[in-house]
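> the following block contains a protein sequence and its predicted model.
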Amino acid sequence: MKNNAPRGLYIHVPFCKKKCPYCDFYSLPFNQSKAEEYKNAVIRNLSRYENERFDTVYVGGGTPALIAEYIGEILSRANITENAEITAECNPDTLSADTLRILKQSGVNRLSFGVQSLCAEELSALGRTHTARTAADAVLQAEKAGFENISADIMLAVPNQTRETLAQTLTALCGLPITHVSAYLLKIEENTVFGRRYDEISAKLPDEDAQGALYLTAVELLEKHGFRQYEISNFAKAGYESRHNLKYWHAEEYVGIGPSAHSYYNGRRFFVPKSLEKFISDEFQTEQTLETSPDREEERVMLGLRLTDGIALTSEIQQRLQYIPREYYKISDGKLSLTPKGFLVSNEIIAVLLN
Ligand code: SF4
């Protein structure tokens, strides 16, 4: 990429009200004095990038709304271009009208809500503290506060989910004023409450075939409601694709600030250790180089095939396609992309293409 091109900026806010049992993102219980020290550390780190321009900002976590009062100050220390996309992740139950107003005044112009499901049993199985009603109200309140670019995360293959309950969630969700949906399959991560109760939880999970059926149901229903699939797990109304996340998949550069944040900057991929204490006490965050960076061709295939736009077809890739069932991919205008069925087995396909 050109060195003067604007980058993306990711800020990891490591606080949550309560830890969800399936979540392995780095977050700790909220603490006001730590939050202030964290904010000062973010600002110190941003000072290293004063010559850098950012045209997308993603404040994620954790639960950024818990530090809404600091977000304006943080953003004012970054060199953000006009018309930048500035997203804050939100938990439906930590949002008051006041918080929404503060976020709006801070310059945030896109919200991403962790809705996960609009079915009471599924929300309770996921240990979420909000109800379907709270989630819907939060989105409506956000619209009232002037946000017109709103994304919702939902989770697929949660305990006891069926195609019917998923369809209910998606139909209700698509009736809300949202522009974007991310739909992720639940993964049981080792270092979580679900991971420690693996046997009990996995007995309630849909099996692999049912998971595939749930994913395909989501793709079909979302497309029917005008959300075009543009990435393996992401769907958007026309023109509302996440500009920040597209930078990741296009292998463009971004700076990550905060414990556990990853960066791709000046050709190097690195991450910050998962320690709030260290992040606060270090003058500048410690950055460890990722040991297993893929080479450029691997990266082009691995990231590009996540997108429905796909990748340019080379003769090597064309030759390996003979090993892949035809229903898993499409070729159009010299580009290769995966079908929704192909996305379900994308790791296996990529392994064959890169072999
Ligand atoms: S899922 Fe979201 S709200 Fe729950 S612990 Fe993880 S980051 Fe926090």
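Looks like it came in fine. In this text the structure is predicted, and so the values were computed from the model without any measurement.
> mean confidence for stretch 165-176?
For stretch 165-176, mean pLDDT is 97.
> could you do stretch 124-136 as well?
In the prediction, stretch 124-136 has an average pLDDT of 92.
> how long is that stretch from one end to the other?
16 Å (C-alpha to C-alpha, to the nearest Å).
> close to the ligand, is it?
No - Stretch 124-136 lies out of reach of the ligand by C-beta under 6 Å from any ligand atom, never closer than 7.5 Å. (Glycine included, C-beta is placed from N, CA and C.)
> what does that stretch rub up against?
With C-beta atoms under 8 Å, 6 or more residues apart in numbering as the test, stretch 124-136 has contacts from 17-18, 20-22, 91-93, 113, 115-120, 123, 138, 152, 155, 158-160, 172, 176, 193, 204.
> in PyMOL, how would I select just the buried ones from those?
In PyMOL syntax, the buried subset of these is picked out as below (16 or more other C-beta atoms under 10 Å):
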select buried, resi 20+21+22+91+92+93+113+115+116+117+118+119+123+138+152+155+158+159+172+176
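> select from the contacts of stretch 124-136 every entry located in helices.
A120, L123, A138, A172, V193 (DSSP state H).
> of those, which pair is most distant in space?
Farthest pair in the ones in helices among the contacts of stretch 124-136 (C-beta to C-beta) is A172 and V193. Separation: 27.4 Å.
> about what we covered before: among the contacts of stretch 124-136, which are in strands?
Secondary structure from DSSP state E places F113, V115, Q116, A152, M155 of those in strands.
> same list, the ones in helices among the contacts of stretch 124-136, but as CSV with distance to L216 please.
Converted to CSV, these look like this (distance: C-beta to C-beta, whole Å):
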residue, distance to L216
A120, 25
L123, 23
A138, 29
A172, 20
V193, 29
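> output the residues you listed as a markdown table; include the columns distance to the ligand.
Output for the ones in helices among the contacts of stretch 124-136, formatted as a markdown table (distance: C-beta to the nearest ligand atom, whole Å):
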| residue | distance to the ligand |
| --- | --- |
| A120 | 18 |
| L123 | 12 |
| A138 | 13 |
| A172 | 20 |
| V193 | 10 |
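> looking at these, spot the one nearest K341.
Distances from K341 to these, taken by C-beta to C-beta, are shortest for A172, at 26.4 Å.
> for the residue in the stretch 201-350 of the chain positioned nearest to the ligand, what are its contacts?
Relative to the ligand, the nearest point of the stretch 201-350 of the chain is S260 (10.9 Å; C-beta to the nearest ligand atom). Contacts for S260 (C-beta under 8 Å, 6+ apart) come out as H12, P14, F25, Y26, F271, V272, P273, K274.
> next: R101.
A145.
> try 10 Å this time
A68, A145, G146 (C-beta atoms under 10 Å, 6 or more residues apart in numbering).
> in stretch 18-35, what counts as buried?
C20, P21, Y22, C23, D24, F25, Y26, S27, L28, F30, K34, A35.
> CSV please, covering the residues you listed and showing distance to Y198.
Below are the buried residues of stretch 18-35 laid out as CSV (distance: C-beta to C-beta, whole Å):
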residue, distance to Y198
C20, 16
P21, 12
Y22, 11
C23, 15
D24, 13
F25, 19
Y26, 21
S27, 21
L28, 24
F30, 28
K34, 32
A35, 33
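> buried ones in stretch 140-154, by neighbour count?
In stretch 140-154, the ones that count as buried by 16+ other C-beta under 10 Å are Q141, A142, E143, A145, F147, N149, I150, S151, A152, D153, I154.
> oops, could you answer that again for stretch 329-336 instead?
Result for stretch 329-336 [16+ other C-beta under 10 Å]: buried residues Y329, L336.
> outside of that stretch, which residues touch it?
Contacts for stretch 329-336 (C-beta under 10 Å, 6+ apart): 301, 304-305, 308-314, 317-318, 321, 324, 337-339, 341-342, 349, 353.
> buried subset of these?
Buried among the contacts of stretch 329-336 (16+ other C-beta under 10 Å): 301, 304-305, 308, 310-311, 313, 317, 321, 324, 337-338, 342, 349, 353.
> how far does the longest helix along the chain sit from the chain's center?
Looking across the chain with DSSP H, the single longest helix is helix 208-224. Centre-to-centre, helix 208-224 and its host chain are 19 Å apart (C-alpha atoms, centre = their mean, to the nearest Å).
> which strands and helices lie in contact with it?
Under the contact definition 3 or more C-beta pairs under 10 Å, 6 or more residues apart in numbering; DSSP states H and E, helix 208-224 sits against strand 150-156, helix 163-174, strand 180-185, strand 228-231, strand 234-236, helix 340-344.
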